[in-house]
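[1] Predicted structure and sequence below. I'll ask about it afterward.
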Amino acid sequence: MLSQPLSVSFDLGGGREVFIETGKLARQADGAVTIRQGNNILLATVVANKEPKEGQSFFPLSVDYQEKFASAGRIPGSFFKREARLNDYEILTSRLVDRALRPLFPEDYLCDVQVLITLISSDAEILPDALACLAASAALAVSDIPIKEIISEVRVARVAGNFIVNPSRSELEKADMDFIIAATEKNLMMVEGESKECSEEDLVKALGVAHDAIRIQIKAQEQLRALKGITQNRDYLKPATNDEIKEKVAAFSKDKIYEISKGQTTKHERGDAYKALKDALIESFGEDAGDETKKLAKKYFDDLQWEVVRNMILDDRIRLDGRKLDQIRPLSMETDVLPTPHGSSLFTRGETQSLTTVTFGTPLDELLIESAAKSYDSKFFLHYNFPPFSTGEVKMMRGQSRREVGHGNLAMRSLKQMIPTGDYAYTVRVVSDILESNGSSSMATVCAGSLALMDAGVPIPKHVSGIAMGLITREDGKYAILSDILGDEDHLGDMDFKVTGTRDGICGVQMDIKVDGLSMDIMREALNQAKAGRLHILNAMYDAIAEARPDVKPHAPRMVKLIIDKEFIGAVIGPGGKVIQELQKETGTTINIEEVADKGEVSIFSNNKEGVQKAVDTIRSIVAIPEVGDVYEGTVKGIKEFGAFVEFLPKKEGLLHISEISWKRLESMDGIFKEGDKVKVKLVGIDQKTGKYKLSRKALMPRPERQDANGAQNNTSVS
């Protein structure tokens, strides 16, 4: 007999109720729940192996979020018509969940854990990514898999000055702050998002609003866990320990690690010294030492290195490269470093270097961003590449990693705050290739991207810079906030965070908090120190290039956008696209037409300035509304016995009657014109019933004079 499903619910405010249910779907998983809000339903499952793999030395957690297109009543657009590898949006959502869940597991838990979150029913107004971590945490809560705490995650957006928890899609489009925040009952754990130059204090307020909402969600999960009857976690096999080996490692290595760490050496010199010391440590155990002994010795060495460097920074205020805690590494930046790309820059900060390019495209080059609920085209996108040589390593190249997608997304959402919208017709692609890395290549990408955009002539109003920060705390109350952290310092911190922005505010944040009880006062101090570092880098960037170049490079495509009445779109395109195709061929341009808000947007692109102008003139003449009294240079298209048909505007012909050709009476049209002749005419009338145009040539000629019977002159016309 099937057991009855169990469910709890809570209100997000405004009658937005969320239901969590377990016991109905995926019952063979260790934990499975559905999260429902409106028509949006997420299924989250978690399964963990009972024992770790032999020789396992790290925690193997995998998190995958995937959207089924059937959830929105759609069929995938791929060739195979089925869901395939995760797209960037799914990868980014998976990362948001992974970063929040990973610290929940005991440090000595090494069993494989797989978390799968699937969108099985979609609601056009409800954003599933804000509920994905709640679903994953709830699945863990109703299982016996060992976790230290229950968490949740919410989106907080500011709309018209008011903070909204888990806003609708329509509300989010109007927001000037958009952050996803994860937390336990007591502590913040993860922050990621973007804003239109918010202040540090605004961010702190958003964190407070989020934490209040998260506590409600944690309480609901605890209720469901109690209903399920989960009272304790499963036992698991813990890694072997040996205090004797640990003490020997400390006695042999502690002082030597300290000497290496305070030596102010380069990354590779320091790495080589640590490796040589570790090798000497292993040799000191003798040839008879077994593999398990060596394995434990290496682990204790790594733990000791982590502890020694942290204490050195806290007690001696010395960093690995000798800098002060708030000091930024030497900066070097250049623009226009490559001759062919439409914009380029080289940004170097210490041992981190980004070569970044900007490429202009047409609306046909826009990036399709597809999800189950909504698909749209993006005119600005950024790609981040992290080749293995940047860290002096040899690795297989198998496409972009999740890390590359995540770092590129942070840089993209930071820079897009300054990208022009509205009538800016270029599609803009930024590519950051990391040539060297020792500390936050994603922040180097933000800086290099801003420089390259200005070099390309993209009219961004301000530079955006970014800085990576670290925070180290200790139980005795000591703490150190580190500006511009090194790669070796990255894993030392209790809070690692990246902040991007202009001189006027924050544009992007990515934060991982690993310490319990972090006070808001320390958070404020860390954000203010990050602001000082950000401004230091910005000053150097403005010295390199103070504003966007007034024009694009000579070899970059020219762009003009025209707004036309909707009724003329068909005339510009022509039957079967004939008009626009001929115009593109004749002028060497690319022309794109879109209907936007009952208007037509015509975007014209070409590397040839003259071709662009010719296309503009032609389109303007096509959409021009003829007015009586205007004069045109027309082309004779046809000749009849009663006059000639003249095309005075593209696709607009009028009759030049035989009586309007000259003041002199013409008996016939023989020899007057031939097809293709150019003739200047004046529009003298429009038939209100038929819309036909009446043209005159003689109206542009001087009226001849003639004498009356008494010899006087008058201006009466000759009939």
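    Ah, there it is.

[2] The stretch 151-300 of the chain: helices as residue ranges?
    Along the stretch 151-300 of the chain, the stretches classed as helices by DSSP state H, counting those that start in this stretch are 169-172, 200-228, 243-261, 267-284, 291-311.

[3] Looking at the ones you listed, which is nearest to Met701?
    Shortest distance between Met701 and the helices of the stretch 151-300 of the chain, using Cβ to Cβ, is found for helix 169-172: 63.0 Å. In this view, the C-beta of every residue, glycine as well, is placed from N, C-alpha and C.

[4] on that earlier part again, a markdown table for the helices of the stretch 151-300 of the chain, including mean pLDDT?
    Written out in a markdown table, the entries for the helices of the stretch 151-300 of the chain read as follows (pLDDT from 0 to 100):
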| stretch | mean pLDDT |
| --- | --- |
| helix 169-172 | 94 |
| helix 200-228 | 96 |
| helix 243-261 | 94 |
| helix 267-284 | 92 |
| helix 291-311 | 92 |
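
[5] quick one: which of those is nearest Ala624?
    Using Cβ to Cβ, the helices of the stretch 151-300 of the chain put helix 169-172 closest to Ala624, at 38.7 Å.

[6] Need the residues that contact that closest one.
    Residues outside helix 169-172 that contact it (Cβ atoms under 8 Å, 6 or more residues apart in numbering) are 124-127, 155, 157, 159, 164, 178, 373-374.

[7] quick one: which of those is nearest Lys68?
    Compare each of the contacts of helix 169-172 with Lys68 using Cβ to Cβ and the shortest gap goes to Ala373, at 11.3 Å.

[8] residues near the closest one, how many?
    A count of nearby residues for Ala373, using other Cβ atoms under 10 Å, gives 19.

[9] the strands in the stretch 101-250 of the chain, which residues?
    Counting by DSSP state E, counting those that start in this stretch, the stretch 101-250 of the chain forms strands over residues 113-121, 152-159, 162-165, 177-183, 188-198, given from the N-terminal end onward.

[10] For stretch 491-504, list the C-alpha coordinates in CSV.
    The C-alpha atoms that make up stretch 491-504 are tabulated as CSV, following Å, rounded to 0.1, in the frame of the first residue of the first chain:
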residue,chain,number,x,y,z
HIS,A,491,41.0,29.0,-0.8
LEU,A,492,42.3,30.4,2.6
GLY,A,493,39.4,32.8,3.2
ASP,A,494,36.2,32.5,5.3
MET,A,495,34.6,34.9,2.8
ASP,A,496,35.7,35.2,-0.8
PHE,A,497,33.9,37.8,-2.8
LYS,A,498,34.1,39.7,-6.0
VAL,A,499,32.6,43.2,-6.4
THR,A,500,32.3,45.1,-9.7
GLY,A,501,31.1,48.6,-10.3
THR,A,502,31.6,52.2,-11.4
ARG,A,503,32.7,55.2,-9.4
ASP,A,504,29.0,55.6,-8.5
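
[11] Tell me the buried residues in that stretch?
    The neighbour-count check on stretch 491-504 (16 or more other Cβ atoms under 10 Å) flags 492-502 as buried.
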